[in-house]
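Engineer: Sequence isn't available, so here's the structure alone:
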C-alpha cells in the first residue's frame, strides 16, 4: 500500500523522533504536587546490589579504611533491612572485622556529594591517638567520587559526625580511549544545507552535502508529492535544481540520504527538507 | 547535557529512595524529550502538558521496577507513549472514523517558518485527526508494526493500515500547501 509515500514517514521520523521541546514552565510543580515525590516510596530497595556483593567478596584483600568527615548530620531517608543483611554477609567473610554492623539500626542515608577521604595511614595514626573511634551505627549508600568506582560500606557515628568508609573494591574507571581503539577522527557530516539558490550568481548555486568520504552513499531528492528528481551515489555530485532539463520551481524538496562511513559501521539515514529559491 | 550510564543509574536509585531533589533532576533531564513525544500524540499543547504530567507521575511510581537492563531513556519513552495512548483512550479521543476529512481544515498554516523544522512538523501533526496521528506516530516514528499497533489500540490491522495511509496523504497535502504559499 502506497509505497511512494514512505518518504513522508522518513522525513517526520528524522525530525521528530529525538526532538526536544522545553516543557511548559510550572509543569514540574504540578507533577511534584500530584505525585509522591519526596516520600520514601521504595522501602526495601537494596543499598548494595547483588553484583557489588560478589565483587566485594573477591577483593577483600584490598580492604582499606578511610575516614570521612561530613558537613551535615546524617538524615536517614529510607529504611531497608536488606542492606544490613547484605552488609553483614560481607563483613563476616573478612578476617579484619573492622566495622561492625549494628543489626538493630536499619536506616541508610544518601550523600549528595563525595566526601573527602583520608588515607589508611592517617586513619590508623588517629586511631592510635584516640581521636577517632569506630562506632558504627548506620549503613549508608554512598555516591563516591568520579575518579574511581568504589564499592563501599559506610558506618557512622552521628554525634561525632565522623564516618568510617570501608572500600571493598577500587575499580579503575575505564576511559573510552583506553578501552576501545578508535580512528583518529570520527567521520562526520560537516554540512547538510536546508537552502540553496540555483540562479547562477556564483553563490550557493548547487546543492550537495559536505561530508567525509563514505563507503556507501545514496542521495535522492524528491518532490513533496513523491516524484523522484535526482539520485546520486557520488558524494561529490551536486544538484543544480533541474529535472530532465527543466528548471524546477521554487519550493521545498525532500532530500533523503543513506550512507555508511565504514565498512562495518551502521547504515545511517537522514532526510531533510531543502528550500530551493532562485529570487534575489 | 546527557548523563553517563553510571550517573543515570545513581540518579534513578536516588529517585527510588525518595530523594525529591533527584526526582526534580530527573525531570529536568528528560522533560524536553518526553514533552516532544507528548506533543506528537496530543491534539494540542495543553493536553500535551497533561500527558507529560501523567507520564512523569507514572514513571516515578514505577521507577523501582526498572532493572537497568537496556536503556533507561528507551524505557521512559515507551512508558510515555503508553501513557499518551491511555490518555487518548480515556478521553475517547481515538475515534477511527473512516471519513473524517470534513472534521478538520487542512488550510495552509500561517507563520510556517522558512522551513519545516520540528515546530512546523508538529503543527502539521496537530492538524491530523487523533486516529491518523496516533497510528502515524506508532508506525512511522516509533517503528511498531501494524500487528502491534492493532493490538495496542484494539483495532484491526486493516484499520491501522488505512489510518496510516490517510495520515500520509494528509501530511502530503500539507507539505504541498506549504510549497504553494
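Structural biologist: It's in. Quick caveat, the model's predicted, so the values are computed rather than measured. Numbers count the residues shown, from 1 in each chain, chains lettered A, B, ... in the order given.
Engineer: Could you tell me how many residues sit around the residue nearest to residue A:211 when sequence neighbours are not counted?
Structural biologist: In space, residue A:211 comes closest to residue A:189 once its chain neighbours are excluded; the distance is 4.3 Å by Cβ to Cβ, 6 or more residues apart in numbering or on different chains. All C-beta spots, glycine's among them, are computed from the backbone N, C-alpha and C. A count of neighbours around residue A:189, defined by other Cβ atoms under 10 Å in any protein chain shown, yields 15.
Engineer: Check the one 10 residues further on too.
Structural biologist: Other residues within reach of residue A:199 by the criterion other Cβ under 10 Å amount to 15.
Engineer: Could you verify my assumption that it touches residue A:278?
Structural biologist: Yes: the pair residue A:199 / residue A:278 is scored as a contact, 4.3 Å apart, by Cβ atoms under 8 Å.
Engineer: Show me how chain B divides into domains.
Structural biologist: Domain ranges of chain B: B:5-90, B:101-179, per automatic domain parsing.
Engineer: Turn these into CSV, including mean neighbour count, distance to residue A:214 and mean pLDDT.
Structural biologist: Supplementary listing: the domains of chain B in CSV, determined by neighbours: other Cβ atoms under 10 Å in any protein chain shown; distance: least, Cβ to Cβ, whole Å; pLDDT from 0 to 100:
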stretch, mean neighbour count, distance to residue A:214, mean pLDDT
domain B:5-90, 19, 27, 89
domain B:101-179, 18, 24, 77
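Engineer: Minimum distance to residue A:250: which of the ones you listed has it?
Structural biologist: Closest approach to residue A:250 among those (Cβ to Cβ): domain B:101-179, 8.4 Å.
Engineer: so where's chain A shaky on pLDDT?
Structural biologist: Scanning chain A for pLDDT under 70 picks out A:1-4, A:35-184, A:280.
Engineer: Pop the domain breakdown of it in here.
Structural biologist: A:42-176, A:183-276.
Engineer: Which helix or strand contains the residue most central in space within chain B?
Structural biologist: The centroid of chain B falls nearest to residue B:37 when counting by Cα atoms, centre = their mean (3.4 Å). Applying DSSP states H and E as the criterion places residue B:37 in helix B:20-41.
Engineer: before we move on, what about residue B:134?
Structural biologist: Using DSSP H and E, the element containing residue B:134 is helix B:130-136.
Engineer: so does the helix or strand following that helix get close to chain A?
Structural biologist: Once helix B:130-136 ends, the next helix or strand along the chain (criterion: DSSP H and E) is helix B:146-153. No: residues of helix B:146-153 are not located near chain A by Cβ under 8 Å from any Cβ of the partner chain, the shortest gap being 10.0 Å.
Engineer: got the residues of the stretch 151-280 of chain A near chain B?
Structural biologist: Taking Cβ under 8 Å from any Cβ, the part of the stretch 151-280 of chain A that reaches chain B is made up of A:194, A:195, A:224, A:225, A:226, A:251, A:252, A:273, A:275.
Engineer: rewinding a little: please identify which of the domains of chain B is closest to residue A:6.
Structural biologist: When the domains of chain B are ranked by proximity to residue A:6 (Cβ to Cβ), domain B:101-179 comes first, at 8.0 Å.
Engineer: thinking again about what came up before, how about the domains of chain B in TSV, adding distance to residue A:262?
Structural biologist: Formatted as TSV, the domains of chain B follow (distance: least, Cβ to Cβ, whole Å):
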stretch	distance to residue A:262
domain B:5-90	23
domain B:101-179	24
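Engineer: With respect to residue A:260, which of those lies nearest?
Structural biologist: Of the domains of chain B, the one closest to residue A:260 (Cβ to Cβ) turns out to be domain B:101-179, at 20.1 Å.
Engineer: Which two among the residues of the stretch 151-280 of chain A next to chain B are spaced furthest apart?
Structural biologist: Longest distance between any two of those is 21.8 Å, between A:195 and A:226; criterion Cβ to Cβ.
Engineer: Comparing those two, which residue is more hemmed in?
Structural biologist: Set residue A:195 next to residue A:226 and count neighbours by other Cβ under 10 Å: residue A:226 wins out with 17 against 13.
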